[in-house]
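[1] Got a predicted structure plus its sequence, pasted below:
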Amino acid sequence: KSPFVMIMAGGIIALTLLGLVFFIMILSKSEQNAFAAAKQKFEEESYPEAKGRLVDFLQAYPDGEYTEQARILYHETMILEIIKGGSINAAGVTEALKQLDDFIRVCRDLEGFKDERDDVLRFAERIVRLGATVAEGQPPKVKPSMPPLEDSKAAKTIMDQFAGPDGLPRALEDEIRTVQRKAEAAIRKATVLDGALAEINGHLKADDTLAALESRQALIDEYDVLSDDPDVAKILTSIMEREKSLTKQEDLNTDAVTEDFLSSNRVSAALTLRTQVTVDQVSQGKLVFAVGVGSCYGIDSETGEPVW
């Protein structure tokens, strides 16, 4: 109970508390600085470096003050690294869609996710367009394929989910429908058009233009997206030109018939619809018209009797 001992003990406790406060402040400042450095790389669009810094941050501060923001930023980085790249292939479209699905699944219950709905919509729209472009066979020399188009349609479903109560703008809906239809036409063209052309050309070689027309129409009926394809339009031109070449003009050296034929003695009759359902119909003064025997007649619409 010595005053000196008590003062020393109090001093030690005070210094310990003060050290703990400084430690917490330093730790907090360190967390803030680490997050700010990662966010800066994200804003600079240095996505590979931002991704590495965010992974390190989440491992060092799994329950920190900035953990939620860092987790959202990490998933956005994973998406943007793919969709903002210089070029993308079918595998890239699939991976971008997977990362968007992961973003929604992992972060949708976080407090800050409600502020990310516009970004989700923007990411999904970008994947829709990229998927349709790759499915169409872009960049050049890439074969059109269905998987990227399926990813595009899946991303469109995400757009619908995050569009809000008013849905997507009509112009945007039409634009997306156009690019996806264009992609589907390219796919159908790559997979079925060669076989159809071979069949049509076979008919043309046999001078069977009618069968060629029927094959072309069957192709359009089954794949409506090919109806406005330039190559399909050329097929019709080829058929018409072949039919024209097969048509020959022949002079029979026969005089034209100039003799007038005698008119028939038979009485002609005109058939006119009569909707009278009872025999006691009363005329309402309304007429319908019927043509027959070279004349026009006025027929009572109720009784069916000729008026003039």
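    That came in fine, so what should we check first? Numbers count the residues shown, from 1 in each chain.

[2] Between the two ends of stretch 287-304, how far is it?
    End-to-end distance of stretch 287-304 (CA to CA, to the nearest Å): 9 Å.

[3] Give me the buried positions along that stretch.
    Of all the residues in stretch 287-304, those buried under the rule 16 or more other CB atoms under 10 Å are 288, 290, 297, 299-303. C-betas here are computed from N, CA, C, even on glycine.

[4] Take those residues and keep only those in strands.
    Among the buried residues of stretch 287-304, the residues falling in strands (DSSP state E) are 288, 290, 297, 299-300.

[5] Tell me the one of these nearest Glu150?
    If you rank those by distance to Glu150 using CB to CB, Val288 comes first, at 57.7 Å.

[6] Identify the residues contacting Ser238.
    Leu204 (CB atoms under 8 Å, 6 or more residues apart in numbering).

[7] and it, how far is that from Gly285?
    61 Å (CB to CB, to the nearest Å).

[8] sorry, back to before: adding pLDDT and distance to Phe162 as columns, could you present the ones in strands among the buried residues of stretch 287-304 in TSV?
    Formatted as TSV, those follow (pLDDT from 0 to 100; distance: CB to CB, whole Å):
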residue	pLDDT	distance to Phe162
Val288	78	59
Ala290	78	63
Tyr297	79	67
Ile299	80	64
Asp300	79	66
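
[9] where do the helices sit along the protein?
    3-43, 47-60, 67-83, 90-107, 117-136, 146-161, 170-188, 194-205, 209-222, 230-246 (DSSP state H).

[10] Send me the second one as CSV with only the CA atoms.
    Once non-C-alpha atoms are left out, helix 47-60 reads as follows in CSV (Å, rounded to 0.1, in the frame of the first residue of the first chain):
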residue,chain,number,x,y,z
TYR,A,47,-6.8,-4.2,-62.6
PRO,A,48,-4.2,-6.9,-62.1
GLU,A,49,-2.3,-4.8,-59.5
ALA,A,50,-5.5,-3.7,-57.8
LYS,A,51,-6.6,-7.4,-57.6
GLY,A,52,-3.4,-8.4,-55.9
ARG,A,53,-3.6,-5.5,-53.4
LEU,A,54,-7.3,-6.3,-52.6
VAL,A,55,-6.5,-10.0,-52.0
ASP,A,56,-3.7,-9.1,-49.6
PHE,A,57,-6.0,-6.6,-47.9
LEU,A,58,-8.8,-9.1,-47.4
GLN,A,59,-6.3,-11.6,-46.0
ALA,A,60,-4.8,-9.1,-43.6
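
[11] now the angle from it to helix 67-83?
    150 degrees (axes from the mean of the first three to the mean of the last three CA atoms, to 10 degrees).

[12] Tell me which residues touch Glu95, please.
    So Glu95 contacts Ile82 (CB under 8 Å, 6+ apart).

[13] got a pLDDT number for it?
    Per-residue confidence at Glu95 stands at 94 (pLDDT).

[14] Could you measure from it over to Leu54?
    Distance from Glu95 to Leu54, by CB to CB: 18 Å.

[15] Name the nearest residue to Glu305, ignoring sequence neighbours.
    The shortest distance from Glu305 to any non-neighbouring residue, by CB to CB, 6 or more residues apart in numbering, is to Ile299 (7.2 Å).

[16] Wait, the one you found touches Val288, no?
    Yes: with contact defined as CB atoms under 8 Å, Ile299 reaches Val288; the gap is 5.2 Å.

[17] Comparing the helices of the chain by mean pLDDT, which bottoms out?
    Taking the mean pLDDT of the helices of the chain, helix 3-43 comes last: a mean of 69.

[18] Quick check on the closest residue to Ile220 other than its chain neighbours: phi, psi?
    Spatial nearest neighbour of Ile220, chain neighbours left out: Ser227 (4.9 Å); criterion: CB to CB, 6+ apart. Dihedral pair for Ser227: phi -60, psi -30, per degrees, to the nearest 10.

[19] From here on, call the first residue 839.
    Okay, residue one is now 839; in that scheme the one you just asked about reads as Ser1065.

[20] what about Ser1065, how many neighbours?
    12 (other CB atoms under 10 Å).

[21] Switch the helices of the chain over to JSON lines; also include distance to Asp1098.
    Formatted as JSON lines, the helices of the chain follow (distance: least, CB to CB, whole Å):
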{"stretch": "helix 841-881", "distance to Asp1098": "94"}
{"stretch": "helix 885-898", "distance to Asp1098": "91"}
{"stretch": "helix 905-921", "distance to Asp1098": "81"}
{"stretch": "helix 928-945", "distance to Asp1098": "75"}
{"stretch": "helix 955-974", "distance to Asp1098": "65"}
{"stretch": "helix 984-999", "distance to Asp1098": "68"}
{"stretch": "helix 1008-1026", "distance to Asp1098": "58"}
{"stretch": "helix 1032-1043", "distance to Asp1098": "45"}
{"stretch": "helix 1047-1060", "distance to Asp1098": "38"}
{"stretch": "helix 1068-1084", "distance to Asp1098": "36"}
